[in-house]
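Novice: this one's structure only:
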């Protein structure tokens with residue numbers, strides 16, 4: 001394996017915790033109907049059901065928004081990999097009370113971006129589009145009616161970082 005960084009072995013933010021927080025049943029993110037997510041603020045989590053070391057595509061499936069989303073060389077992706085967690089990315093809809101983006105809007109843009117549609121604005125989390133098993137990834141979400149999803153996203157990122165000593169694989173700077 002290419003030197004992925006080792007994180008703490010503290011209790012993890014995992015599927016059990018997400019279920020206890022009333023996140024929905026994970027569904028396939030690649031094939032999900034774009035009208036399925038609610039038109040509501042909330043938080044979404046991209047999960048990789050497979051365990052073990054990943055393989056990466058040489059080129060991202062993602063479209064071009066401002067630049068090619070491909071991380072090259074792909075060895076840089078191995079350095080971002082977080083062992084022992086299915087959580088690949090944590091994102092929010094409704095970043096502020098003024099930002100009225102919904103789960104449906106954010107997840108639709110994210111999915112269209114990953115399917116290669118150019119001009120779609122969702123560069124956050126773009127590392128998932130270089131996973132060889134990208135078509136197996138799932139998504140789960142939690143609605144936060146009337147409350148910006150950014151608040152819960154920050155809390156979940158903090159819990160993840162506390163447990164692992166780092167952010168999820170696809171969160172953070174490109």
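Specialist: Nice, thanks for sending it over. Here the structure is a predicted model, which means the values were calculated and not measured.
Novice: rest of the way, CA atoms for contacts and neighbours
Specialist: OK.
Novice: now the helices for the chain?
Specialist: 15-20, 75-80, 103-114, 149-164 (DSSP state H).
Novice: Between the ones you listed, which one is closest to residue 65.
Specialist: Of all the helices of the chain, helix 103-114 sits nearest to residue 65, with 8.4 Å by CA to CA.
Novice: what angle separates that closest one from helix 149-164?
Specialist: For helix 103-114 against helix 149-164, the angle by axes from the mean of the first three to the mean of the last three CA atoms, to 10 degrees is 60 degrees.
Novice: burial measure for residue 44, as a count.
Specialist: Residues within reach of residue 44, counting by other CA atoms under 10 Å, total 24.
Novice: swap in residue 75?
Specialist: Residue 75 has 14 nearby residues by other CA under 10 Å.
Novice: So, low pLDDT: which residues of this structure?
Specialist: Scanning the chain with the threshold set as pLDDT under 70 gives 1-12, 96-97, 121, 123, 173-174.
Novice: Show me the residue sitting in the middle of it in space.
Specialist: By CA atoms, centre = their mean, the chain has its centre lying nearest to residue 89, at 2.4 Å.
Novice: Tell me if I'm right that that one and residue 80 touch.
Specialist: No. Using CA atoms under 8 Å, residue 89 is not in contact with residue 80, being 12.0 Å away.
Novice: tell me, what's touching those two both at once?
Specialist: Common neighbours of residue 89 and residue 80, using CA atoms under 8 Å, 6 or more residues apart in numbering, are 169, 170.
Novice: To residue 128, which of the helices of the chain lies closest?
Specialist: helix 103-114 (8.4 Å).
Novice: The closest one - contacts with which helices or strands?
Specialist: Contact analysis of helix 103-114 by 3 or more CA pairs under 8 Å, 6 or more residues apart in numbering; DSSP states H and E lists strand 42-47, strand 87-93 as its packing neighbours.
Novice: out of these, nearest to residue 24?
Specialist: Between the helices and strands packed on helix 103-114, strand 42-47 lies closest to residue 24; by CA to CA that is 9.6 Å.
Novice: burial count for residue 131?
Specialist: When neighbours are counted by other CA under 10 Å, residue 131 registers 20.
Novice: so it sits right up against residue 56, yeah?
Specialist: Yes. Between residue 131 and residue 56 there is a contact under CA under 8 Å: 4.6 Å.
Novice: ranking the helices of the chain by burial, who's on top?
Specialist: helix 103-114 (a mean of 22; mean count of other CA atoms under 10 Å).
Novice: Cool, thanks, signing off.
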